Structures are given as structure tokens and as C-alpha cells.
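# The following block contains a protein sequence and its predicted model.
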Amino acid sequence: MLKSLFITATDTGVGKTTISYALAKTLIEKGLKVAYFKPVETGADPIPEDATLLSKLTCQQIDEVVLYTFKNPVAPYVATIMEGGGIDLEKIIKHYEYLVQKYDFVIVEGAGGVLVPIKENYTYRELIKDLNIPVLLVSRASLGTINHTLLTLEALKDANILGIVMNGFTGNDISEEKNPEVIEKFSKVKVIAKCNKSETPISECYEKLKNAAGLIL
Ligand SMILES: Nc1ncnc2c1ncn2[C@@H]1O[C@H](COP(=O)(O)OP(=O)(O)OP(=O)(O)O)[C@@H](O)[C@H]1O
Ligand SMILES: C[C@H](N)[C@H](N)CCCCCC(=O)O
Ligand SMILES: [Mg+2]
């Protein structure tokens, strides 16, 4: 059984937090003690919304969930330039190792897409490598997602990719029909869940991910 998963995406706003929540809920309902870890949250103005939302589900203290928060909605590296303050990678790695010891399962969420810089010459791709953690990729359902998804997987070619969750199907975009199979064919990575655009995104993604939990447990 896996002990942790890194949730990344092809861009910001694609559904990492939504999928993290759905997955955490599924695993908690199976009796696992689950931790969520958002090493750096930007756009925390005034509160870190991702970390706050998930901490309520996992019953963690906020300072166990997020180590660095920045006000400006930008890449973590950019936020350190704009607002000052440094990000200590060793601290992130040690905290992750602490969480893996303490919990049955740890869900780590990046910020934006996988090549978003955390520090000079260091992106989430390097953090994934340093954490030695399997990856779940969240992609859009719509036109453009083949390129975005294959580019992200190319950037993650040395990583352990568990699968892809495609998010936001509307039925109004003709490309949606073939996007999943084309992505699977070209990437050899499985699309493990397809979530529709919904008025209740968390419930929609929870329903669709419930069956995928078997992949993880
Ligand atoms: N299937 C869906 N249907 C409708 N809305 C959705 C769906 N999935 C996500 N959303 C909405 O899209 C927005 C972005 O989702 P989310 O916050 O999960 O993205 P993210 O990848 O975590 O973004 P960030 O890079 O800022 O962390 C949120 O308002 C969320 O409620
Ligand atoms: C503010 C947003 N919600 C994310 N936390 C940060 C996204 C950084 C994206 C940087 C980029 O790809 O240009
Ligand atoms: Mg998020």
C-alpha cells in the first residue's frame, strides 16, 4: 500500500485541492489516519484557503498542514522575492518525513503546475524527486489538455506517476470524448477518474475517486 501521494496538475486552478479533499475523505472513511500537507500556500489573503479547508477534514493543526504562507497569489519563488522570507527545503522534507511517520497516509499538494518554482533553480518537480513520492496528476477535460498533460508528464518522466484524474467535463466540448484515450495512448499513464464540472465539485470528485481508492490502498 502507498504511504503518500503528491497531487500536482497541469496548471493552477485545475482541481488539486478538490481532488485532495475527495481522496482524503475516501481514505478517512476507510479508517485511515490521513494528513494533508501544503508546503507553501500563496494567495493566503487573509487565510491559506487550501490548508484551512483540508485541515478541517483531517483535523490537523494549521501549522502542521502548511509551513509557508504568502499573501500574493503568485509562484512561491516569486512570493519570496515580493514579500521577502526564504523557503527552507530541508524543513519541508523533514516535515514530510515526520507526517509519514505519524499518519497512515499523507497527501501533499503543490502550488500551480509541476514546474512552478519554489526557489531559484528548484521547482515542484525537484521537490517530488527529493520526497521520492508517487504522483497523481490532475488535468483539465477540455481542448488543450492533451498538450498540457503530455508536457507535464514529459517534465515528470523520472517520477512515479500513479495516474491522471481528468477534471471538469461539461459535455459541451467535442474534444472531451477522445481526450482521455488519446492521453492514455500517448503517455501510457492511466486516467483513473473523470470528474464532471459540477455545482458540488467535492461530492462529484469524491464519487468518481471512490473507486480509484483501490489503486492506492
Ligand atoms: N469538477 C469541478 N466542477 C466545478 N468546479 C470545480 C471542479 N473542480 C474544481 N472546481 C473549482 O475550481 C476552482 C479551482 O479548484 P482547486 O482549488 O481545487 O484548484 P487547485 O488546482 O487546487 O488550484 P491552486 O493551484 O490554486 O491550488 C475551485 O473554485 C473549485 O471549487
Ligand atoms: C495563487 C495560485 N492559487 C497558486 N497557489 C499559485 C500558482 C502559481 C502559478 C505560477 C505560474 O505557473 O505562472
Ligand atoms: Mg489548491
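Structure received. Ligands and ions are numbered 1, 2, ... in the order given.
# Just list what the host helix or strand of residue 136 packs against, helices and strands only.
Using DSSP states H and E, residue 136 maps to strand 135-140. The contact analysis (3 or more Cβ pairs under 8 Å, 6 or more residues apart in numbering; DSSP states H and E) places strand 135-140 against strand 4-9, helix 16-29, helix 145-155, strand 161-169. C-beta here means a position set from N, CA and C on the backbone, and glycine is covered the same way.
# looking at the ones you listed, which is closest to residue 123?
Set against residue 123 and scored by Cβ to Cβ, the helices and strands packed on strand 135-140 come closest in helix 145-155, at 8.5 Å.
# pLDDT value on the closest residue to ligand 2 within the chain, please?
Relative to ligand 2, the nearest point of the chain is residue 112 (3.1 Å; Cβ to the nearest ligand atom). Predicted confidence (pLDDT) for residue 112: 98.
# and this structure, which of its residues are near ligand 1?
9, 12-18, 50, 111-112, 167-168, 195, 197-198, 201, 204-205 (Cβ under 6 Å from any ligand atom).
# again, only this time at 5 Å
Proximity of the chain to ligand 1 (Cβ under 5 Å from any ligand atom) is limited to residues 9, 12-18, 112, 195, 197-198, 201.
# These: which ones sit near ligand 3?
On the criterion Cβ under 5 Å from the ion, 16-17 are the entries of the residues of the chain next to ligand 1 that sit beside ligand 3.
# Greatest separation within the residues of the chain next to ligand 1: which pair is it?
Greatest spatial distance in the residues of the chain next to ligand 1: 112 and 198, 22.6 Å, computed using Cβ to Cβ.
# which of the two has more neighbours?
residue 112 (22 against 17; other Cβ atoms under 10 Å).
# ok, now which ones touch that one?
By Cβ atoms under 8 Å, 6 or more residues apart in numbering, residue 112 lies in contact with 9, 11-12, 75, 124.
# Does residue 185 lie in a helix or a strand, and which?
Going by DSSP H and E, residue 185 is in helix 179-187.
# What residue in the protein comes nearest to ligand 3?
residue 17 (3.3 Å; Cβ to the ion).
# distance of the closest residue in space to that residue that isn't next to it in sequence from residue 66?
Distances taken as Cβ to Cβ, 6 or more residues apart in numbering put residue 50 closest to residue 17, at 4.6 Å, once the chain neighbours are dropped. Distance of residue 50 to residue 66, computed by Cβ to Cβ, to the nearest Å: 8 Å.
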